[in-house]
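S.K.: coordinates for the following, if possible.
(2 chains)
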Amino acid sequence: MIRFEALTKTFGAFAALGPLDLRITTERVVAIIGPSGCGKTTLLRVLAGLDAPSAGRVVIDEEPIEGPRPDIGVVFQEPRLMPWLSVRENVALGVWDAPKAKRTAAVDAAIERVGLSRFAGVLPRQLSGGMAQRVGIARALVGEPRLLLLDEPFGALDPLTRLGMQDHLLEIVGTAVPTTIIITHDIDEALVLGDRVIVLHGPPARIARSIDVDLPRPRLRTSPAFGTLKAELLDDLVTHVAAAV
Amino acid sequence: MIVRLERFAAIVRAAHAGPVPEGGASPAEALAARLSPFVLPVLLLAAWEAVARLDLLPAYLFPAPSSVLAELRTLAASGQLTFHLWRSFERVISGFLLGALTATLVGALTGYSAAWRRLLDPALQSLRSIPAIAWVPIFILWLGIGEPSKIALIALGVFFPVYLNLMAGISGVDRKLIEAARVYRLRGLGLVRRVLLPASLPSYAVGLRTGFSLAWMFVVAAELMGASQGIGYLLLDGENNGQPALILASMVIFALAGKTTDLVLAESARRLLSWEDTVGNR
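M.R.: I've put the predicted structure just below:
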């Protein structure tokens, strides 16, 4: 179980986050949406252990997050690959501190999982945007994380690649990752991927609503139920943004 | 002049006409383009040779290129060339290694940590405003006239470009890459070794190349301040004994040696940096 306990982050006088309280138990994928600048990325940085909370804490299976941890994988908006390392070496960076014997097999498996085995020896500059992001996902998965964090992972991709990646993400992630939190500002993306969609308003980011998405998978973006949920979320966000402006 | 302008116009027209048809790339023009950098030097050398042969200038000041070449041959045949070149090269290498290693350690430290930068960089920057040659007297006083003072001078000259470029390179590394590395638990030395150094390699390589050419510059200064071996000694020997051909031959040796080591460094840098997604690698 993952628990946010009165999670708060301030930068000087600026309140960016919280206080947030949340429990994630059985949901495999939680999508967090919110308008730009509402504090989504601050939340992700705190979850990744990159920034310490100002107050409160996040607990994973009773263990508080106090810094970057091997059981948390992170995928950023950009692939953020090391340009001087091959695909294989970039993925291996995710487990550089693991015993060598374990490392090689894990790296090969992760690359296989994102379907890039043929490109294992290639440098990042030779990859397309979608392929590079798949390497980023492989790097996050190679350590077999308990929690996978994605920060608008497909935001920089063209619309078609984006749809493809959304459809494949759950296959790629598989059943091995207990919890995935994806941050996005794309309502469709949230509804296609999330077992639960959480809407943030802010700053400071607060949970405005939480919707359990019971649509069957694979989800059809054109189904009436999908449309109803989408309209509901869109209405909420538009009203909030309009009020803020 | 008019002829050249016409040629130029022809080249421009050809360029605008798009790709030249198969086999029509006018081999003569291609050859001309290849050879054009050599035209001026060859003409100058020929003119110089002519002036010397015709005794238009005193030979004890302006030896003919052919006699410089003859001097080089003599030096090579007697083994002196290899001997003195090797002595200079040893100094260049030792000074370079000493200077570059120190600069790498200090530059990595100040590039990585703002606290270390505040502590060390201002002092180093103020030392940098002392011209390296100005250290000669104090080095001689402290270290004597032998090898240590020479190597210290070269190392000092090498230090600054390597230090500055490495520090600039490291502090210019994309914050997003560092953040990604931090997510994967890289900190301190691991972060420096696996991310900061490779990411700053392009800038570091520039520093090393600049440093190496400065090492050749300072070996001349070091050898001129008193040496019995080395190409700089040959220069001095030529001056003292009124042998301009020897002076010029030594200068040519320096030029060739410096160019050779620079080519080696440039080529190694090119290989190490083939990952860069830049215009140069397209």
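
S.K.: for the rest of this, base every contact and every neighbour count on C-alpha atoms.
M.R.: Will do.

S.K.: tell me the secondary structure for the residue nearest to the spatial centre of chain A?
M.R.: Centroid-nearest residue in chain A, with C-alpha atoms, centre = their mean: A:Leu150, separated by 1.8 Å. Three-state assignment for A:Leu150 (DSSP: H, G, I helix; E, B strand; the rest coil): strand.

S.K.: report the contact partners of it.
M.R.: Going by C-alpha atoms under 8 Å, 6 or more residues apart in numbering or on different chains, A:Leu150 touches A:Val74, A:Val75, A:Phe76, A:Gln77, A:Thr180, A:Ile181, A:Ile182, A:Ile183.

S.K.: cool, and A:Phe76?
M.R.: Taking C-alpha under 8 Å, 6+ apart, we find A:Phe76 in contact with A:Gly136, A:Leu150, A:Asp151, A:Glu152, A:Pro153.

S.K.: ok, how many other residues are close to the nearest residue to B:Ile140 once chain neighbours are set aside?
M.R.: Here the nearest residue to B:Ile140 in space, its sequence neighbours aside, is B:Ser149; by C-alpha to C-alpha, 6 or more residues apart in numbering or on different chains that works out to 5.7 Å. Around B:Ser149 sit 21 other residues, with neighbours defined as other C-alpha atoms under 10 Å in any protein chain shown.

S.K.: chain B contacts on chain A?
M.R.: A:48-50, A:68-70, A:73-74, A:80-85, A:93-95, A:123, A:125 (C-alpha under 8 Å from any C-alpha of the partner chain).

S.K.: tell me which of the contacts of A:Leu150 is nearest to chain B?
M.R.: Among the contacts of A:Leu150, A:Val74 lies closest to chain B (C-alpha to the nearest C-alpha), at 7.1 Å.

S.K.: quickly find the element holding the residue minimising distance to the centre of chain B.
M.R.: The centre of chain B sits closest to B:Ser213, judged by C-alpha atoms, centre = their mean, with a distance of 2.7 Å. Per DSSP states H and E: B:Ser213 is located in helix B:197-224.

S.K.: below-threshold pLDDT in chain A: ranges please.
M.R.: A:174, A:244-245 (pLDDT under 70).

S.K.: B:Leu166: what's its closest spatial neighbour, skipping adjacent residues?
M.R.: Closest to B:Leu166 by C-alpha to C-alpha, 6+ apart is B:Tyr204, at 4.7 Å.

S.K.: so that neighbour sits against B:Asn165, correct?
M.R.: Yes - assessed by C-alpha atoms under 8 Å, B:Tyr204 is found in contact with B:Asn165 at 5.5 Å.

S.K.: wasn't A:Ala15 part of a strand?
M.R.: Yes - under three-state DSSP, A:Ala15 falls within a strand.

S.K.: got the contact list for it?
M.R.: Going by C-alpha under 8 Å, 6+ apart, A:Ala15 touches A:Lys9, A:Pro203, A:Pro204.

S.K.: that one and chain B, how far apart?
M.R.: Computed as C-alpha to the nearest C-alpha, to the nearest Å, the A:Ala15 to chain B distance reads 22 Å.

S.K.: can you name the residues bridging to that residue?
M.R.: Taking DSSP bridges as the rule, A:Ala15 bridges to A:Thr10.

S.K.: in what helix or strand does the residue of chain A positioned farthest from its centre lie?
M.R.: Most distant from the centre of chain A: A:Ala101, at 28.9 Å, with distances by C-alpha atoms, centre = their mean. Per DSSP H and E: A:Ala101 is located in helix A:100-113.

S.K.: check which residues of that helix are buried.
M.R.: By 16 or more other C-alpha atoms under 10 Å in any protein chain shown, the buried positions in helix A:100-113 come out as A:Arg103, A:Ala106, A:Val107, A:Asp108, A:Ala109, A:Ala110, A:Ile111, A:Arg113.

S.K.: name the next helix or strand following that helix along the chain.
M.R.: That would be, after helix A:100-113 and using DSSP H and E, helix A:129-141.

S.K.: for that next one, the distance to its chain's centre please.
M.R.: In terms of C-alpha atoms, centre = their mean, to the nearest Å, the centre of helix A:129-141 is found 12 Å from the chain centre.

S.K.: what's the answer for stretch A:220-239, then?
M.R.: The answer for stretch A:220-239 is 21 Å, by C-alpha atoms, centre = their mean.

S.K.: go on, stretch B:198-208?
M.R.: 15 Å.

S.K.: which strands and helices sit next to the strand or helix carrying B:Gly190?
M.R.: Assigned by DSSP H and E, B:Gly190 belongs to helix B:188-191. Judged by 3 or more C-alpha pairs under 8 Å, 6 or more residues apart in numbering or on different chains; DSSP states H and E, helix B:188-191 is in contact with helix B:175-183.
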